[in-house]
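Enquirer: whatever this is, show me its structure:
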Amino acid sequence: MPFDASGGNARSVIALDLSGTCGVAWGPLSDPLPRFTTWKLLRDQGEGGRYASFENELEAAMDDIQPSNMVIEATLTFQALARYSNYQVGCQQITLRGIARMVAWRAEGCSVSEVDARTVRAEVLGLSFGTDRETAKRAAILYCWKHKLKVPDDNAADACLIWLWHRMRVLRIPPVAGPLFREVA
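Expert: Residues are numbered from 1 along each chain as shown. Next comes the predicted model:
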């Protein structure tokens, strides 16, 4: 999906959920909701092709959006990788993180920050840190749909939540308190 950034904005933000299908959300913080898409990275051309496709997508997005901030979902800790994932996924996350930081560095004036998914889900959705991954993914999608963000999957939903979390922080909107499954579900 091509970007329609409607010109750069000094307060524009791009948020990334880094995985084989990257969730991307962007827009000026003056907007209540972000725009979003997903990038399905190449899978049949090896790791080099996958990472080159990510770099190409991100470079084009940075040219169109001209964000002042990039917020990426923090990579899983070694403990989380051991519990939920595998070595290849860990390598992919770390490599995509490095590419994102490199591309932001090339776009002079674009700061980069990272936030873990549990913090975002707790402060935007009100989910507890003990919420299992599948329930959290489903809650993220339902939250987005409820707020008229018709995300296709949890990758886009997570990117939107990261963008919303960043917006809340910058605009000093207090985090949601407590489990809100009644509202989210």
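
Enquirer: in this structure Val112 contacts Ala104, no?
Expert: Yes - with contact defined as Cβ atoms under 8 Å, Val112 reaches Ala104; the gap is 4.7 Å. The C-beta positions use only the backbone N, C-alpha and C, and glycine is treated the same way.

Enquirer: these two: who's more crowded?
Expert: Ala104 (21 against 18; other Cβ atoms under 10 Å).

Enquirer: buried sites along whichever helix or strand the more buried one is part of?
Expert: Taking DSSP states H and E as the criterion, Ala104 maps to helix 87-106. Using 16 or more other Cβ atoms under 10 Å as the test for burial, helix 87-106 gives 90, 92-93, 95-97, 99-100, 103-104.

Enquirer: quick one: average pLDDT of it?
Expert: Rounded to a whole number, the mean pLDDT of helix 87-106 is 90.

Enquirer: quick one: strands adjacent to the next helix or strand after it?
Expert: Using DSSP H and E, the helix or strand that directly follows helix 87-106 along the chain is strand 111-115. Here strand 111-115 has these sheet partners by DSSP bridges: strand 69-73 (parallel).

Enquirer: just to revisit the earlier point, give the residues shared as contacts by Val112 and Ala104.
Expert: Overlap of the contact sets of Val112 and Ala104 (by Cβ atoms under 8 Å, 6 or more residues apart in numbering) consists of Met70.
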